[in-house]
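K.L.:
let me see the structure of the following:
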Amino acid sequence: MDNGSIYCSQEITLICARVGCTLRHTPVRDGASKGKIERFFRTLRERFLARKLDLSSLDVLNRQLTHWVEEEYNACPHSAIGMPPIDRFALDLNFITFLPPNQVNDELFYAEASRQVKKDNTFSFKNIRYEATADLRNKTITIRFDRNKPDSVIVYYKNQRIGGAQRLNLVANAKTPRLRRQGGQK
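P.N.:
Numbers count the residues shown, from 1 in each chain. Got it, this is the predicted structure:
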């Protein structure tokens, strides 16, 4: 990867560790090592963006780009490698490890934060109170969340997935009967 700050962040290092990937950076100030992606962007500008495109929505533009990449860019022989990129990619398939199908694979790419669970088994995240799904009172938990959907919070404790946290219902919580400390009265 490039040496830009986003590629050196703790978040991408964690993601690579979770998926079992080695993070390697290009040498500093070595433009030739990044030439492939630069050449792709040049080709994209010259051959795709120069077309008359339907810009009515982002979805339509994305479909046009996907079609161009799959049907034209990856399917035509490139002069530097002497074959279509999709065929060159196929030569290395035995070196690629794919993630096994799993319902929680998306969580491998979520952002992460630590929180302290209070005595009432709740914690705060982005000024919203959540209730832990298991008894984790007075413990430090790790939460994972999708930056695009911050309301969906997943609780981990000691690297074990506990489950999704529920937003605290303040009205129902206020009506829950509590035991008093001395005397056992309600």
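
K.L.:
residues contacting Tyr156?
P.N.:
Ile141, Thr142, Ile143, Arg144, Ile162 (CB atoms under 8 Å, 6 or more residues apart in numbering). For every residue, glycine as well, the C-beta is placed using N, CA and C.

K.L.:
try 6 Å
P.N.:
Tyr156 sits next to Thr142 when contact means CB atoms under 6 Å, 6 or more residues apart in numbering.

K.L.:
and the helix or strand harbouring it, how far from the chain's centre?
P.N.:
Taking DSSP states H and E as the criterion, Tyr156 maps to strand 149-157. Strand 149-157 sits 13 Å away from the centroid of its parent chain (CA atoms, centre = their mean, to the nearest Å).

K.L.:
quick one: name whatever helix or strand follows it.
P.N.:
Counting by DSSP H and E, the next helix or strand C-terminal to strand 149-157 is strand 160-164.

K.L.:
what angle separates that following strand from strand 149-157?
P.N.:
Between strand 160-164 and strand 149-157, the angle formed by their directions is 140 degrees, by axes from the mean of the first three to the mean of the last three CA atoms, to 10 degrees.

K.L.:
next, the buried residues of strand 160-164.
P.N.:
Residues of strand 160-164 classed as buried: Ile162 (neighbour count, 16 or more other CB atoms under 10 Å).

K.L.:
all strands for this structure, in order.
P.N.:
For the chain, the strands defined by DSSP state E cover 111-116, 122-125, 128-131, 140-146, 149-157, 160-164, 166-167.

K.L.:
in TSV: those, plus mean pLDDT.
P.N.:
Putting those into TSV (pLDDT from 0 to 100) gives the following:
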stretch	mean pLDDT
strand 111-116	94
strand 122-125	93
strand 128-131	92
strand 140-146	94
strand 149-157	88
strand 160-164	92
strand 166-167	90
